[in-house]
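Chemist: one predicted model, sequence on top.
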Amino acid sequence: MADYKDLANLMFPDITETVDDLEKRYPARNLPEGAQVTRFAPSPTGFLHTGSLFTALVGFKYAKQSGGVYMFRLEDTDTKRTIAGSGDELIDQLGNFGIVADEGYWPDGDRGAYGPYQQSKRRDIYRTVIKHLVEQGKAYPDFCTAEDLEKIRAYQEANKILPGYYGEFARDRNLSVDEQIARINNGEPYVVRYKSHGDHNNKVSFVDAIRGKLDIAENDVDVVILKGDGLPTYHFAHVVDDHFMRTTLVSRGEEWIPSTPIHLDLFSALGWEPTKYAHLPVIMKLDNGNKRKLSKRKDPEAAVSYFLQEGYPTKGLLVYLMNIANSNFEEWTIANKDFELSHFQFSFEKMSLDGALFDIDKLQYFCREVLGAEHADTIVPAAKAWAKENNEKLYAKISADEAYVSRIVNIDKDKQNPRKDFANYAEIETKTRFFYDEDFAPIKAAGFPFNEKFDKEFVKSFLADCAENMIYGVDEMTWWNGVKDLAAKNGFATNNKEYKANPTAFKGNTGDAAELIRIALTGSKMAPNLHEVIEILGKDRVVARLLSAI
Ligand code: GLU
């Protein structure tokens, strides 16, 4: 009588290595106490999703702050869904964000001693482990056709029985080894299933790094572990990979919580310590008052490329995602205005459990903060590189006079509270148009919002006086005293107390006077530091604008 060993040899005649050999080939890592080994394990099925960037960031951050290892593993066993080249694109896009793996799949070849890091290249590792399970009677060939499975499903549905290939419904679970061997020799196609001994009425518990202890019904399904095409399923592959890659923490989307009992069942059948899991909340969106997942089809913000095309700085997006990740992050930023994420201590305990809500206003807020904390020397080159692909007008302006753009971007930078004008690079163009005569013309044509309490002739003569007597090339204080003198000369109060005590005795206060100048020069009440604006525009243009404002 044939036994499981004969069956295993028939199914995997070429496999001579054992699980013990693999244990030796991938020894425990020699890392300092507390160092974490994490991985980002995308399937190469398309563009970088915003949720995937979030997952990658969390894994990267957690490994890095612990002095551990962050891996990139390409999970390409679903050949029907694989899109050629998308794995390389993911690496490229993550690279833009500085999320570079210590080990993993690389377009020009793997890096690291625990590879291969591409599942389709790990075929024999999986087959070695499956051979081991078959030898022990823990896995078996299942010869069901699609029609056979459909029949089981229909029967279960008609009788209101939980669907699935388990227990008495696992048709080929108890075939004799002789029959299994005969059918394989007969050339019948098959998949390999794991023989579960779980009971759906029992609970299995595990401690999720974010959610704490979870109790879920045990797995009792004989899941497919090796498909007809010779590649493993996700369930099996991730268990084997995370065991032999010596992963200490699997951070993945919460959609995997329901199948975690399968994974725990597999770990236990193999006699391996399960990895720790952290199931990350899915990023949601508010749509007509209802929360729903970001959708690849409906929401442009589901794709990371959208933010890059719009000119959001990569650091701003990461900072925003970290804010979604940890509830104490925003408070941390108050004392850490450089937003240096490597200095922030991320923790799973501080992760919110509800689906994180995507909020474009909050993203813009953080991007403004991040760009506000930088100077032209980093902002302008990045804006130029972005504009080259995405914004002709800005690219032309920077190419024509980069120093001029830099002076504009640096306005008020060295003040206690630097300005935070720009949420993205596109706004460097739209919010600074008044610095360009050709863009100022239409602003002027639209009419200036001068305060109506001043009559036109008065404004005209005041601005003419300014045109003649404004001082240039001096520090802000000296210049401001000059403006005050001009204001006083034209009937404005330069002392607020005096003005308040007797407002009708004056035209207005110095603030009113400065506003008239500001509007004449920029077309807006909101423009940045007037002294810097004047110095950047230069005397000739300032005089021309003051004289032609009315
Ligand atoms: N390839 C799986 C996915 O893209 C990975 C899940 C995991 O990180 O284990 O969803």
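Modeler: Perfect, I can see it now.

Chemist: how many neighbours does Val370 have?
Modeler: If you count neighbours by other C-beta atoms under 10 Å, Val370 ends up with 26. Yep, even glycine has a C-beta here, placed from its N, CA and C like the rest.

Chemist: so it touches Gly316, yeah?
Modeler: Yes. Using C-beta atoms under 8 Å, Val370 makes contact with Gly316 at a distance of 4.3 Å.

Chemist: can you give me the buried ones in stretch 194-210?
Modeler: Neighbour-count burial for stretch 194-210, with 16 or more other C-beta atoms under 10 Å as criterion, is recorded at 194-196, 198, 200, 204, 206, 208-210.

Chemist: among those residues, which one lies nearest to Lys460?
Modeler: Proximity of the buried residues of stretch 194-210 to Lys460 (C-beta to C-beta) peaks at Ile210, which lies at 65.8 Å.

Chemist: list the contacts for the residue nearest the centre of the chain?
Modeler: Closest residue to the average C-alpha location of the chain: Leu53 at 3.2 Å, with C-alpha atoms, centre = their mean. Contacts for Leu53 (C-beta atoms under 8 Å, 6 or more residues apart in numbering) come out as 93-94, 97, 99, 304, 317, 321.

Chemist: pick out the residue of the stretch 251-400 of the chain closest to the ligand.
Modeler: Arg252 (3.5 Å; C-beta to the nearest ligand atom).

Chemist: over to the stretch 101-250 of the chain?
Modeler: Closest to the ligand within the stretch 101-250 of the chain is His238: 4.8 Å, counting by C-beta to the nearest ligand atom.

Chemist: from His263, how far out is that residue?
Modeler: His238 sits 7 Å away from His263, going by C-beta to C-beta, to the nearest Å.

Chemist: repeat that for Asn326.
Modeler: 26 Å.

Chemist: what is the neighbour count of Ala325?
Modeler: Residues near Ala325, counting by other C-beta under 10 Å: 22.

Chemist: tell me the pLDDT at it?
Modeler: Note on Ala325: pLDDT of 94.

Chemist: now the strands for this protein?
Modeler: Under the criterion DSSP state E, the chain contains strands at 37-40, 69-72, 103-104, 139-142, 191-194, 203-208, 212-217, 224-226, 249-253, 276-280, 283-287, 290-293, 356-357.

Chemist: export these to TSV and append columns for mean pLDDT and distance to Glu374.
Modeler: Shown next, in TSV, are those (pLDDT from 0 to 100; distance: least, C-beta to C-beta, whole Å):
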stretch	mean pLDDT	distance to Glu374
strand 37-40	98	27
strand 69-72	98	26
strand 103-104	98	30
strand 139-142	98	56
strand 191-194	98	53
strand 203-208	97	37
strand 212-217	97	39
strand 224-226	98	50
strand 249-253	97	30
strand 276-280	97	29
strand 283-287	89	26
strand 290-293	89	33
strand 356-357	83	26
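
Chemist: just to revisit the earlier point, partner residues bridging the residue of the stretch 251-400 of the chain closest to the ligand?
Modeler: Under DSSP bridges, the beta-bridge partners of Arg252 are His279.

Chemist: what's in contact with stretch 261-275?
Modeler: With contacts defined as C-beta under 8 Å, 6+ apart, stretch 261-275 is touched by 19, 129, 132-133, 138, 194, 196, 198, 204, 206, 216-219, 221, 223, 225, 235-236, 238-239, 242-243, 247-250.

Chemist: then stretch 405-412?
Modeler: 375-377, 379-380, 383, 397-398, 418-419, 422, 428, 432, 435, 528-529, 532-533, 536.

Chemist: same question, stretch 56-64
Modeler: 35-40, 42, 68-70, 94, 97, 99, 101-102, 249, 251, 278, 280, 318, 321-322, 325, 341-342, 346, 348.
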